[in-house]
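Chemist: Fold the following and give me the result.
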Amino acid sequence: MFTDVAVVFEAIGATTMVVGFVIALVLGIRSLQRREGGQTAFSVLRNTLGAAILLGLEVLVAADLIRTITSKPSIEDALILGIIVLIRTVLSMSIQIEIEGVVPWRRALLRSGGQLLGDAVARDAAATAATKAAARD
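Modeler: Reported below is the predicted structural model:
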């Protein structure tokens, strides 16, 4: 039963990354349509995709934890989980440093991939509202 739960978490993690890619692509295209420039559009695409990958990695780590906790305990399983979590943690940190330009322990508030993804969508909504307001004037 818990193996199925872990598989569902893995599917959610993968889906999160795929949907995040689509959202990043849409936000990047919308940024280009607002004539914000290619560099801004690339930055929006890169940051949003990075946030989606971070969120997906967090869900995949949860899936690994569920799978390991519910399986027959062994030293080998614990070591494999440790290595997987270590690799994903290092990957998450490097992506977050790339997105924010600052190491995580230098930030005042820790932010997750979900928060970063939400911020990207909120920035796009604000830019769209500003563009519409400027068009009305």
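Chemist: okay, CA-based contacts and neighbour counts for the rest of this
Modeler: Fine.
Chemist: Nearest residue to residue 13 in space, ignoring adjacent ones along the chain?
Modeler: In space, and not counting its chain neighbours, residue 13 is closest to residue 56: 4.3 Å by C-alpha to C-alpha, 6 or more residues apart in numbering.
Chemist: Was I right to think the one you found contacts residue 17?
Modeler: Yes: counting by C-alpha atoms under 8 Å, residue 17 is a contact partner of residue 56 at 5.4 Å.
Chemist: between those two, who's got more neighbours?
Modeler: Shown here are residue 56 and residue 17; by other C-alpha atoms under 10 Å, residue 56 has more neighbours (27 against 21).
Chemist: Counting by contacts, list what the helix or strand hosting that one packs against.
Modeler: Here residue 56, judged by DSSP states H and E, is contained in helix 38-70. When contacts are defined as 3 or more C-alpha pairs under 8 Å, 6 or more residues apart in numbering; DSSP states H and E, helix 38-70 packs onto helix 2-33, helix 75-100, helix 113-136.
Chemist: Turn those into a markdown table, including mean pLDDT and distance to residue 66.
Modeler: Below are these laid out as a markdown table (pLDDT from 0 to 100; distance: least, C-alpha to C-alpha, whole Å):
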| stretch | mean pLDDT | distance to residue 66 |
| --- | --- | --- |
| helix 2-33 | 91 | 6 |
| helix 75-100 | 83 | 10 |
| helix 113-136 | 79 | 20 |
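Chemist: Of those helices, which is nearest residue 45?
Modeler: Taking C-alpha to C-alpha, helix 2-33 is the member of these nearest to residue 45, at 4.9 Å.
Chemist: picking up where we left off before, so which of the helices and strands packed on helix 38-70 is the most surrounded?
Modeler: Ranked by mean neighbour count, the helices and strands packed on helix 38-70 are led by helix 2-33 with a mean of 18 (mean count of other C-alpha atoms under 10 Å).
Chemist: Sweet, I'm off.
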